[in-house]
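Undergrad: What shape does this take:
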Amino acid sequence: MIARQPFFMGWFINPYYSPFFISGILFYLIYAEGLSWKKMILLIISLSASIYNSVDQISGFIMNPTTTDKVIVSIILISLNILFLSIATRKLTIKGSAMLVAAGGMTYPIYLLHARIGKILFNILSQDLNKYVVLMTITLFVISLSFAVYTFFEKRLLGQISKLLTSALPSRLL
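TA: Predicted coordinates:
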């Protein structure tokens, strides 16, 4: 990790994952306001920090990571940034669909589940099985589980929570 923080700050912010959130904010700003050299420099810094932190953390996810593992992580991060930049600059447009809405709704359950269930399963199963097969299988499992959480819990509860908040909060806050 590039910078350390006081222990209690981990309750509010995690610098290992901050570059991902910062990149997301920058992609939104590029989409809303256009690309500028300042945003591009910040995006490159954020991407560099995310690669640095991901390579630094890889041993927490893969036992005895190789250089190939680190290169693959870096290529994935660079590729995703190119994809998101293409969308933000409108070089690539994706038509809206129910499938995209579902994919967006699944992002938070995926975020929560992969870090807990996915990591535990990977550590157990990759000891005896091919780690790439295990990774792909767990990825599909976590995506499926996230879809179930989104479909059966979040979509159903969203209307109820929205009504509760609408009735509880003053209209000027909404």
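Undergrad: Next one: the residue nearest the centre of the chain relative to residue 92, how far apart?
TA: In the chain, the centroid-proximal residue (CA atoms, centre = their mean) is residue 111; its distance is 6.0 Å. According to CB to CB, to the nearest Å, residue 111 stands 23 Å off from residue 92. Where C-beta positions appear, they are placed from N, C-alpha and C, glycine not excepted.
Undergrad: Residue 99 too?
TA: 17 Å.
Undergrad: Give the residue from these two that has the larger number of neighbours.
TA: More neighbours surround residue 92 than the other of residue 99 and residue 92, with 12 against 8 (other CB atoms under 10 Å).
Undergrad: Looking at that one now. What's its pLDDT?
TA: pLDDT, residue 92: 88.
Undergrad: Now it: closest residue in space that isn't a chain neighbour?
TA: What sits nearest to residue 92 in space, not counting adjacent residues and going by CB to CB, 6 or more residues apart in numbering, is residue 86, at 3.9 Å.
Undergrad: residues near the one you found, how many?
TA: Neighbours around residue 86, by other CB under 10 Å: 13.
Undergrad: Which helix or which strand is home to it?
TA: Assessed by DSSP states H and E, residue 86 sits inside helix 67-88.
Undergrad: Distance from the chain centre to stretch 18-34, please.
TA: Centroid displacement of stretch 18-34 relative to its chain, using CA atoms, centre = their mean, to the nearest Å, is 13 Å.
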